[in-house]
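**Q** predicted model follows, preceded by the sequence.
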Amino acid sequence: MISKEEDRGKGYGRILMDHAKKIAEVIGCTAMFLDSVLTRDDIYGFEKCTFCYQLKLD
């Protein structure tokens, strides 16, 4: 998904990721992966691991 420039920074990504995390936890996932450019740093708590970002779920 690519966001429009005028929609960036409005919190839509955070809302989407929070919802995806809740669904993943409900269905028993142990991790989430997010593809992005490697120049990005802190993305919603994900840490860099090769060419994607991973969020470990409890």
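**A** Everything's here; your move. Numbering: from 1, shown residues only.
**Q** what's the neighbour count on L34?
**A** 15 (other Cβ atoms under 10 Å). Quick note: C-beta positions are derived from backbone N, CA and C, even for glycine.
**Q** wait, it touches G45, no?
**A** No: L34 lies out of contact with G45 (Cβ atoms under 8 Å); the separation is 10.1 Å.
**Q** quick check: neighbours shared by these two?
**A** Common neighbours of L34 and G45 are listed as L55 (criterion: Cβ atoms under 8 Å, 6 or more residues apart in numbering).
**Q** quick one: least confident helix or strand in the chain?
**A** Lowest on mean pLDDT, DSSP states H and E among the helices and strands of the chain sits strand 47-49, with a mean of 67.
**Q** show me which parts of stretch 6-18 are buried, residue by residue.
**A** By 16 or more other Cβ atoms under 10 Å, the buried positions in stretch 6-18 come out as G13, M17.
**Q** what's the offset of that stretch from the middle of its chain?
**A** 10 Å (Cα atoms, centre = their mean, to the nearest Å).
**Q** what about it, average pLDDT?
**A** Mean pLDDT, computed over stretch 6-18, is 86.
**Q** that stretch: end-to-end distance?
**A** 21 Å (Cα to Cα, to the nearest Å).
**Q** likewise stretch 45-58?
**A** 13 Å.
**Q** then stretch 25-43?
**A** By Cα to Cα, the extent of stretch 25-43 from end to end equals 19 Å.
**Q** what's the average pLDDT for it?
**A** 78.
**Q** where along this protein do the strands fall?
**A** Under the criterion DSSP state E, strands of the chain are mapped to 31-34, 47-49, 52-56.
**Q** the nearest residue to G45 once chain neighbours are set aside: neighbour count?
**A** Distances taken as Cβ to Cβ, 6 or more residues apart in numbering place L55 nearest to G45, at 5.8 Å, with adjacent residues excluded. Neighbour count for L55, taken as other Cβ under 10 Å: 18.
**Q** brilliant, that's me finished.
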